[in-house]
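Peer 1: Sharing a sequence plus its predicted fold:
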Number of protein chains: 2
Amino acid sequence: MKFSVSRDSLTTAINAASRALSNKTPMPILTGVKVEATYDGVVITTSNGDLSMQVTVEQDGLKVDQPGVQVIPGRYFIEIVRKMTADKITIESMDDNLINIRGGQSDFTLNGMENELYPDIVFSTLSNPIILQIEELRALVGQTNFATSLLENRPILTGVLFDVEGNQFRAVATDSYRLAQKQIELNISYDAKQIVVPRRTLEELSRILGVDTQIELFVADNKVIFKFNNVLFQSRLLEGRFPETNKLIPAEFPIEVSFNKNQLVAAIERASLLNIAGKDSIVKLKLYKSGTVKITSHTTEIGKVVEEVTPTATLSESEFTIAFSSKYVVEALRVFESNEITMYFTGVVKPFVIKGELDEGVLQLILPVRVE
Amino acid sequence: MKFSVSRDSLTTAINAASRALSNKTPMPILTGVKVEATYDGVVITTSNGDLSMQVTVEQDGLKVDQPGVQVIPGRYFIEIVRKMTADKITIESMDDNLINIRGGQSDFTLNGMENELYPDIVFSTLSNPIILQIEELRALVGQTNFATSLLENRPILTGVLFDVEGNQFRAVATDSYRLAQKQIELNISYDAKQIVVPRRTLEELSRILGVDTQIELFVADNKVIFKFNNVLFQSRLLEGRFPETNKLIPAEFPIEVSFNKNQLVAAIERASLLNIAGKDSIVKLKLYKSGTVKITSHTTEIGKVVEEVTPTATLSESEFTIAFSSKYVVEALRVFESNEITMYFTGVVKPFVIKGELDEGVLQLILPVRVE
């Protein structure tokens, strides 16, 4: 194998591919990057078992002198490419399974890994893809993924449900104490599909999404492939039944209170300051007949806080007090782009809902906490 | 105790004072901030045993209604002040040793700490101070402190020697494998003084130095006080004899090689990429008769690197090879402001010296490593 390539193209490709590279793995070969050169181009493959990526190096400045395959120790390969300053880099297989990487004043010779140990990874992009704009996918993930469960006792809750029906695409995450949902309308209709994508997959995916392109989703055999630019990004799916969440959302809300989002976040954060390190901070929200709202907390060992917030609008017939985890509410509020958000309450022990004036299709639901 | 103060003044004072606050301490009272209000002003004291600080709150916007003293739980006090948005903050002692902190829509009531447990910390600023410009102190510390020892087996080496004699101020640090020295000339002469200031003290001090003022150093009874702006910053000194370092520095250098600093750093860093994680990376520098320099490294398990660097000037009669820790040389090179630096060699097992064209009074010395 021998090819030359511009440093920028190689850096772009390898930075993307590094998201799926293993650091530690029961299969040591997966700490390597598989580089495959043909006269058609150069493809880089990485995998950590759960996630696999295939990145095609941009043709610009690429010249393949001799086709071939080589698995290169990943960590060193990435560091070398990132630190080289030459405009052009040449990669060449040598005798004794050595790989030479050179450019400018730099000349690296690395021990190669055993090519034949690298698993055969199939990226199946046969079925009809669902087409999303990058910004749509970014919103679907960003407004839900934080609410997945971190506990492994119900594995299905560690992922986000992607529920497609007709031209509706709904993403839902819940850890059973809160729920985050974002729904969008697609340009065309698709067959009904439900998949649950692991949290980690969506985190890594978010890190490498560009801004200006569309993305294709292929679903097959318990795997999903996201295809964009020169990248195939494949993940296993979570198996099992995602809970029926629609029935959790109350239908009627006798109490509605609207706030300036930033003011509310700041008040809740201050009300959470006096909690014991490592403990969940519970705050109370009290709506007075006068229309005033106070957010309070009290920790016997430390002290108490009273924060006053003036709602921008209130729809209520009586005084009302509810208590909740400040972390859950602040995380939910942060996903809204609207300046004004509205909290919808049904009762002191019933889940409440937050929506944003301008955030179409976004719903955040939180279970309150019972207090004395 | 009762006073009102502008949030900005209080934030500035408390951010500075937080550098000496204890998180964990055998004396729990030191996790508190001592606030002392008199009709003359408000003073904040913090200490972690080794370091103590006294910060005077700016008079601007300050109004003391009732003098008094109160020790306030530090972590909560700092967080509260940082998160409050009101322009003006009022702090008032209440019954039952409670402290009320309020401003705008926020109202905090904290359990106070036991004032009488707070140790009496004496800040003695009686002796004649040594006067330095902030930029001078920043250079004395920044160009030496990194070379102190992290090991506790020779405690004296975990600090920086400040050696004043006449109008010469010399700072020296060594971990016995390398030495960093910066010497400046003062405007006036002082009595001879030698103190050794702990690394941690100088790190914390560097974080709160402003840019535009001068600083006074008071030395007394195994303590040093740095006085600047509204701050008294006091540290214990290290006890023991700092090694006589002047005799370590060779007097003659038959070989001199000058480099562009950034090129040399980049080449050494690339030559260090193929080392085993956690191990010190040793590189070789070889000067050829042609004037070319190659920097190389070889790790059997991983591979080898050859970097070519073109010196900007060379003074040598023969070929020459030397090996060294890349970390030590890169850290030493980074303190220079000059674009061009010169390495001075005496022999393959003798310490070598680095100086910078424009860095007056800076000397970095490094012990080479013996290789086959």
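Peer 2: Received the coordinates, thanks.
Peer 1: need the residues of chain A near chain B, please.
Peer 2: For chain A, the residues in contact with chain B (CB under 8 Å from any CB of the partner chain) are A:73, A:76, A:79-80, A:83-85, A:98, A:105-111, A:266-267, A:269-270, A:273-274, A:301-309. Heads up, the C-betas are built off the backbone N, CA and C, glycines and all.
Peer 1: got the end-to-end distance for stretch A:240-259?
Peer 2: Using CA to CA, to the nearest Å, one end of stretch A:240-259 lies 39 Å from the other.
Peer 1: Other residues contacting it?
Peer 2: A:155-157, A:161, A:172, A:174, A:176, A:179, A:181, A:194, A:196, A:287, A:293, A:309, A:311-317, A:320, A:340-346, A:350-353, A:357, A:363, A:365 (CB atoms under 8 Å, 6 or more residues apart in numbering or on different chains).
Peer 1: Which of those are buried, as a ChimeraX select command?
Peer 2: To isolate the buried subset of the contacts of stretch A:240-259 in ChimeraX, counting by 16 or more other CB atoms under 10 Å in any protein chain shown, use the following:
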select /A:156,157,161,172,174,179,181,196,287,293,309,311,312,314,316,320,341,342,343,344,345,346,351,352,353,363,365
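Peer 1: Filter the contacts of stretch A:240-259 down to the ones in strands?
Peer 2: When DSSP state E defines the strands, the subset of the contacts of stretch A:240-259 inside them is A:161, A:172, A:174, A:179, A:181, A:194, A:196, A:287, A:293, A:309, A:313-315, A:320, A:340-345, A:352-353, A:363, A:365.
Peer 1: my read: A:Leu217 touches A:Val224, true?
Peer 2: Yes - counting by CB atoms under 8 Å, A:Leu217 touches A:Val224, with 6.3 Å between them.
Peer 1: picking that back up, just the buried ones from the residues of chain A next to chain B?
Peer 2: Buried among these (16+ other CB under 10 Å): A:73, A:76, A:79-80, A:84, A:105-111, A:266-267, A:269-270, A:273-274, A:302-307, A:309.
Peer 1: Report pLDDT for A:Glu372.
Peer 2: We have a pLDDT of 64 for A:Glu372.
Peer 1: what about the closest residue to A:Ser18 other than its chain neighbours, which SS state?
Peer 2: Of all residues not flanking A:Ser18 in the chain, A:Ile78 sits nearest, at 5.4 Å (CB to CB, 6 or more residues apart in numbering or on different chains). Recorded secondary structure, A:Ile78: helix (DSSP: H, G, I helix; E, B strand; the rest coil).
Peer 1: what does A:Ala13 give?
Peer 2: Going by three-state DSSP: A:Ala13 is helix.
Peer 1: From A:Gln66, how far off is it?
Peer 2: To A:Gln66, A:Ala13 is 19 Å away according to CB to CB, to the nearest Å.
Peer 1: Between the two, point out the one with more neighbours.
Peer 2: When neighbours are counted by other CB atoms under 10 Å in any protein chain shown, A:Ala13 and A:Gln66 differ, and A:Ala13 comes out ahead with 24 against 11.
Peer 1: Helices - which of the buried ones among the residues of chain A next to chain B land there?
Peer 2: A:76, A:79-80, A:266-267, A:269-270 (DSSP state H).
Peer 1: Note down every partner strand of the one helix or strand in chain A whose mean pLDDT sits lowest and its orientation.
Peer 2: Across the helices and strands of chain A, the lowest-confidence element by mean pLDDT, DSSP states H and E is strand A:313-315, at a mean of 90. Partners of strand A:313-315 in the sheet, by DSSP bridges, are strand A:255-260 (antiparallel).
Peer 1: List phi and psi for A:Glu204.
Peer 2: Main-chain torsions, A:Glu204, degrees, to the nearest 10: phi -60, psi -40.
Peer 1: before we move on, what about A:Asn145?
Peer 2: According to degrees, to the nearest 10, A:Asn145 has phi -60, psi -30.
Peer 1: Might one say that it is in contact with A:Leu202?
Peer 2: Yes - in terms of CB under 8 Å, A:Asn145 counts as a neighbour of A:Leu202; the distance is 4.9 Å.
Peer 1: any shared contact partners between the two?
Peer 2: With CB under 8 Å, 6+ apart as the test, A:Asn145 and A:Leu202 both reach A:Val160.
Peer 1: Need the outlier residue of chain A, farthest from its centre.
Peer 2: A:Asp95 (42.7 Å; CA atoms, centre = their mean).
Peer 1: so what's A:Ile215 bridging to?
Peer 2: Counting by DSSP bridges, the residues bridging with A:Ile215 are A:Leu132.
Peer 1: List the neighbouring strands of the helix or strand containing A:Thr46 plus their orientation.
Peer 2: If you go by DSSP states H and E, A:Thr46 is part of strand A:41-47. In the sheet, strand A:41-47 lines up against strand A:32-38 (antiparallel), strand A:51-56 (antiparallel) (DSSP bridges).
Peer 1: between those strands, which one is nearest to B:Pro119?
Peer 2: strand A:51-56 (55.3 Å; CB to CB).
Peer 1: Could you check the closest one and say which residues are buried?
Peer 2: A:51-55.
Peer 1: Could you do stretch A:164-180 as well?
Peer 2: Using 16+ other CB under 10 Å as the test for burial, stretch A:164-180 gives A:164, A:169-175, A:177-180.
Peer 1: Would you format the strands paired with strand A:41-47 as a markdown table with mean pLDDT included?
Peer 2: Putting these into a markdown table (pLDDT from 0 to 100) gives the following:
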| stretch | mean pLDDT |
| --- | --- |
| strand A:32-38 | 97 |
| strand A:51-56 | 96 |
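Peer 1: For the ones you listed, give me CSV that also has distance to B:Val283.
Peer 2: Formatted as CSV, those follow (distance: least, CB to CB, whole Å):
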stretch, distance to B:Val283
strand A:32-38, 25
strand A:51-56, 32
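Peer 1: Out of those strands, the one nearest A:Ala17 is which?
Peer 2: Closest among the strands paired with strand A:41-47, using CB to CB: strand A:51-56, at 4.6 Å.
Peer 1: could you pull out the helices for the stretch 101-250 of chain A?
Peer 2: A:134-142, A:199-208 (DSSP state H, counting those that start in this stretch).
Peer 1: Tabulate those helices in a markdown table, adding columns for mean neighbour count.
Peer 2: Below are these laid out as a markdown table (neighbours: other CB atoms under 10 Å in any protein chain shown):
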| stretch | mean neighbour count |
| --- | --- |
| helix A:134-142 | 19 |
| helix A:199-208 | 18 |
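Peer 1: possible to save the ones you listed as a markdown table with mean pLDDT?
Peer 2: A markdown table is the format used below for these (pLDDT from 0 to 100):
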| stretch | mean pLDDT |
| --- | --- |
| helix A:134-142 | 95 |
| helix A:199-208 | 95 |
